[in-house]
Structures are given as C-alpha cells and as structure tokens.
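# Mind folding the following:
(one chain, ligands or ions: 2)
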Amino acid sequence: MTLTIALPSKGRIKEAAAEIFDRAGLPLVSVGNDRSYRGRIDGFDGVEIAYLSASEIARELAAGTVDFGVTGEDLVREDMSEVDARVEFCARLGFGGADVVVAVPEIWLDVETMADLGDVAADFRARHGRRLAIATKYWRLTQQFFSGSHGIQLYRIVESLGATEGAPAAGQADIIVDITSTGSTLKANHLKVLADGVILKSEACLVRARKAAHQGDERVEEIVRRVRGAL
Ligand SMILES: Nc1ncnc2c1ncn2[C@@H]1O[C@H](COP(=O)(O)OP(=O)(O)OP(=O)(O)O)[C@@H](O)[C@H]1O
Ligand SMILES: O=P(O)(O)OC[C@H]1O[C@H](OP(=O)(O)OP(=O)(O)O)[C@H](O)[C@@H]1O
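Residues are numbered from 1 along each chain as shown. Ligands and ions are numbered 1, 2, ... in the order given. Down below sits the predicted model:
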C-alpha cells in the first residue's frame with residue numbers, strides 16, 4: 001500500500017512544512033515539472049506526496065483519503081466530528097500559530113467574559129427582536145464552544161468566508177469567531193477578545209488519519225519518529 005502525505009501547496013504554512021521534512025531527513029522531490037501537485041520522498045519508497053491547500057488537507061484527512069497531512073489544528077477540528085477518534089495529532093510543528101477567538105465590539109464595556117455574553121444572548125431577542133448573530137467560518141468550533149462548553153443556546157451563526165472582522169461594523173453580525181495572530185486586524189476593527197474567549201490555540205500539526213492498515217506499518221512509525229526528531 002502506498003502511503004500518501006498531504007502537504008500545503010500554497011499559503012502561509014507551505015515553506016515551513018517543506019523545511020520540517022527536509023530537517024527530518026525526508027527530502028521532498030517533485031514528480032514531473034515544478035507545477036506538479038505530486039511528489040515523493042528521496043530514498044523513501046512507497047510514499048507519495050500530494051500537494052493540496054491547507055483546508056483541503058483537513059477535508060482529505062476527514063475523508064481518510066490521505067494517510068498523513070500537515071495543516072492547522074483549527075481546520076482539522078472544524079472539519080470533522082469526533083476528531084480524536086478519527087485522527088491522531090502526531091506532532092505540533094511550531095509554526096502557523098493562531099488563536100480561534102470570540103471577539104465583541106470594544107464598546108460593549110460590560111461584556112468581558114463568556115458569562116457576560118451569555119447574559120447578552122439571553123436578553124437579545126427581547127431587546128432587539130432577533131437572536132445574537134455571530135459571524136464565522138468556524139461553525140463547528142463555535143457551536144461546541146457556545147452550546148457545549150458555555151451552555152449558550154440563543155444565537156445565530158452567519159457564515160462569513162472572508163473579512164469576518166468587518167461583519168459587526170457592516171451590520172451583518174453582532175460579534176465574531178475568527179482566527180487572530182498579532183491581534184492587529186481585531187484592533188483595526190474595534191473588536192476585543194473576551195477574557196475566556198480563546199476557543200483553540202492552533203498551530204500547524206502533523207496529523208495521521210487513523211486506519212487499521214497503519215498497525216505495524218514501519219513506514220508510519222518512521223515518518224512520525226523522524227518528524228518529531230526534527231522539532
Ligand atoms: N494570521 C493568520 N490568519 C489566518 N490563518 C492563520 C494565521 N496564522 C496562522 N494561520 C493558520 O494557517 C492555516 C491556513 O493557512 P493559509 O491561510 O495559508 O491556507 P490557504 O492556503 O489560504 O488555505 P485555504 O485556501 O485552503 O484556506 C490555518 O490553520 C490557520 O490557523
Ligand atoms: O491577528 P492578525 O495578525 O491581524 O491576523 C488575523 C487575520 O489574518 C487573516 O487574514 P488574512 O487577510 O491574512 O488572510 P486570509 O483570511 O485570507 O487567510 C485572518 O483571517 C485574520 O483576519
């Protein structure tokens with residue numbers, strides 16, 4: 001059986017992912033020309049590299065169509081239920097770090113915590129005639145955090161695939177759930193993170209799709225061992 005490792009074909013974690021493989025003694029070579037989205041590892045037979053975008057990698061891990069992937073923990077957790085039963089986070093790679101956070105308008109002076117936000121959500125319909133609207137592309141993480149961890153049920157998710165921080169000012173939503181790294185986009189949009197509003201501290205990870213065929217496969221153990229050794 002050929003093992004497939006999915007690596008980022010573009011974007012902010014592409015270069016660092018390739019460097020880790022190099023340092024791990026798993027040097028990547030492209031198959032065909034430079035524009036090819038297939039590769040292999042020099043001196044390591046039975047393994048192919050598939051170059052995909054970060055979010056496609058999360059999807060393919062969920063579908064079990066690749067054996068390993070390097071992508072953000074946020075994307076993996078967003079893309080599948082029962083994530084820990086379906087994949088193994090083999091190594092946190094130390095780059096691509098960002099927090100998925102709950103942020104509200106700075107002018108909501110008396111809203112500092114999720115409990116405060118729960119109070120706002122409970123009153124929202126009576127005051128405004130509609131539910132509190134949350135702009136996000138992280139549907140699953142938002143629902144788990146609001147409903148699961150904080151018992152907040154009265155809200156509506158407004159899907160936002162870009163410029164999410166602009167949604168409150170544009171009147172599309174009241175608050176947001178999005179990724180932040182330096183915090184400058186939140187600040188520029190007059191939003192603040194709630195004190196206990198960090199849903200996930202994400203970074204790029206080596207992730208394995210749990211498959212029965214991996215049991216006892218030395219290549220699987222070797223890949224994990226070498227990547228861990230490069231950190
Ligand atoms: N400032 C940031 N903004 C957005 N994502 C970030 C940031 N810092 C780190 N990341 C992480 O980078 C990953 C996404 O990478 P990137 O945005 O480069 O992917 P992409 O190539 O645009 O992928 P796709 O098109 O599939 O979304 C996510 O796991 C995310 O958590
Ligand atoms: O905390 P900060 O350092 O300001 O970073 C966070 C911002 O960066 C990303 O957007 P970006 O425009 O980089 O691209 P993307 O949304 O297309 O990934 C992300 O969606 C946030 O908006």
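
# can you pull the contacts of the residue nearest to the spatial centre of the chain?
Geometric centre of the chain, nearest residue: D74, 1.8 Å, by CA atoms, centre = their mean. D74 makes contact with A98, V100, Y138, L141, I179, L200, S202 under the criterion CB atoms under 8 Å, 6 or more residues apart in numbering. In this view, the C-beta of every residue, glycine as well, is placed from N, C-alpha and C.

# what do you get for G32?
G32 sits next to R38 when contact means CB under 8 Å, 6+ apart.

# Could you report the distance from it to K201?
Note on G32: its distance to K201, by CB to CB, to the nearest Å, is 38 Å.

# could I have the longest strand anywhere in the chain exported to CSV, CA atoms only?
What stands out as the longest strand in the chain, according to DSSP state E, is strand 191-202. Extracted as CSV, the C-alpha positions of strand 191-202 are listed here (Å, rounded to 0.1, in the frame of the first residue of the first chain):
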residue,chain,number,x,y,z
LEU,A,191,-13.1,44.4,18.5
LYS,A,192,-11.8,42.8,21.7
VAL,A,193,-11.3,39.2,22.7
LEU,A,194,-13.2,38.0,25.7
ALA,A,195,-11.1,37.1,28.8
ASP,A,196,-12.1,33.4,28.5
GLY,A,197,-12.9,33.6,24.8
VAL,A,198,-10.0,31.7,23.3
ILE,A,199,-11.6,28.6,21.7
LEU,A,200,-8.4,27.0,20.4
LYS,A,201,-4.7,27.7,20.4
SER,A,202,-4.0,26.3,16.9
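
# any residue of it up close to ligand 2?
No: Strand 191-202 is not in contact with ligand 2 by CB under 6 Å from any ligand atom; minimum separation 10.1 Å.

# Quick one: residues in contact with that strand.
72-74, 77, 96-106, 111-114, 116-117, 138, 141-142, 145, 165, 168, 176-177, 179-180, 183, 186.
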